[in-house]
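>>> Just to be clear, the model below is a prediction. Sequence and coordinates:
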Amino acid sequence: MLNLQDMRREYKQSELDESSVDASPFVEFEKWFKEAQNAQILEPNTMLLATSSAQNIPNIRAVLLKIFDEKGFVFFTNYNSDKAKEIEQNPNVALEFLWLDLERQVRIIGACEKISHTESLSYFMKRSRGSQIGAWVSEQSTIISSRKLLSIALEKMKEKFESGKVPLPDFWGGYRVKPSKMEFWQGRESRLHDRILYTKEGNRWKISRLAP
Ligand SMILES: Cc1cc2nc3c(=O)[nH]c(=O)nc-3n(C[C@H](O)[C@H](O)[C@H](O)COP(=O)(O)O)c2cc1C
């Protein structure tokens, strides 16, 4: 059996104060993201995306943040995947960045919507040819009988797109999560962590401190 109860770590690296955070959660996020990059965290743009179905069944998986600005957080995926079906049923989602090397997490709640075809195309064109063809090959989240099926589909697609540009599949593109809440969490000693919450109120962001 695993001995988990004796696993214990004090968080002491930093602190977070409502008087020193930026008035904009986007500016604060950019600052934290750059610090995660500088700390050489592996794939700091990995975020957990939580969705739920019309039957209120939750689901969660990692996706990569690919566009970030004041409009929101964009990831790319297959528009027929399970996550896409769940977003269709309930556009309210949650995101989580976990940067444990910095004893930090950022939690986001917001509504999710498809980005424009132009925006998806612009990103798709920047992907490697292998990834572009990969998008065509995989019917994401469907059951397949074997790995071999993927290899066969890949060979077929490679032949199909032997020359010229690989077009953007109509079943593939981006989603933007537009935050209504963003929480910055900094680990502190004795589990008395700092939690600063931004809540959108009209055009401005209210800043509050949450109990750990
Ligand atoms: C680090 C990491 C990054 C990932 N990035 C993406 C991504 O950007 N888009 C994507 O569709 N799946 C990504 N995946 C795979 C998803 O976690 C998931 O397996 C897949 O999207 C199917 O999810 P669904 O069945 O809930 O739709 C990533 C997985 C990991 C571990």
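That came in fine, so what should we check first? A quick note: this is a predicted structure, and the numbers were derived from the prediction, not measured. Numbers count the residues shown, from 1 in each chain.
>>> from here on, contacts and neighbour counts on C-alpha atoms
Will do.
>>> Would you agree residue 135 is in contact with residue 166?
No: counting by C-alpha atoms under 8 Å, residue 135 sits too far from residue 166 to count as a contact (10.1 Å).
>>> Get me the contact residues on this protein for the ligand.
46, 61-64, 75-78, 81-83, 141 (C-alpha under 6 Å from any ligand atom).
>>> Tell me how many other residues surround residue 191.
Residue 191 sits with 11 neighbouring residues when counted by other C-alpha atoms under 10 Å.
>>> which among the residues of the chain next to the ligand end up buried?
Buried members of the residues of the chain next to the ligand, counted by 16 or more other C-alpha atoms under 10 Å: 46, 63, 64, 75, 76, 77, 78, 81, 82, 83.
>>> Of these, which belong to strands?
46, 63, 64, 75, 76, 77, 78 (DSSP state E).
>>> beta partners for the second one?
Same thing as residue 63. residue 47 (DSSP bridges).
>>> what sits against it?
46, 47, 48, 49, 75, 76 (C-alpha atoms under 8 Å, 6 or more residues apart in numbering).
>>> Looking at per-residue confidence, what score does it get?
Each residue has a pLDDT score; the one for residue 63 is 98.
>>> Please, where are all the helices along the chain?
25-38, 82-89, 117-124, 129-137, 147-160 (DSSP state H).
>>> Now do the buried residues in the last one.
In this case it means helix 147-160. 150, 154, 157, 158.
>>> Contacts only, for the second one.
Read that as residue 154. Residue 154 neighbours (C-alpha under 8 Å, 6+ apart): 133, 134, 137.
>>> Out of these, who's the most crowded?
residue 133 leads those on contacts (other C-alpha under 10 Å) with 21 neighbours.
>>> Quick check: that residue touching residue 158?
Yes: with contact defined as C-alpha under 8 Å, residue 133 counts as touching residue 158 (7.0 Å).
>>> which residues does the closest residue to residue 193 other than its chain neighbours contact?
For residue 193, ignoring the flanking residues on the chain, the nearest one in space by C-alpha to C-alpha, 6 or more residues apart in numbering is residue 187 at 4.7 Å. Residues in contact with residue 187 (C-alpha under 8 Å, 6+ apart) are 11, 12, 13, 14, 15, 103, 104, 193, 194.
>>> Return the distance of residue 187 relative to the ligand.
23 Å (C-alpha to the nearest ligand atom, to the nearest Å).
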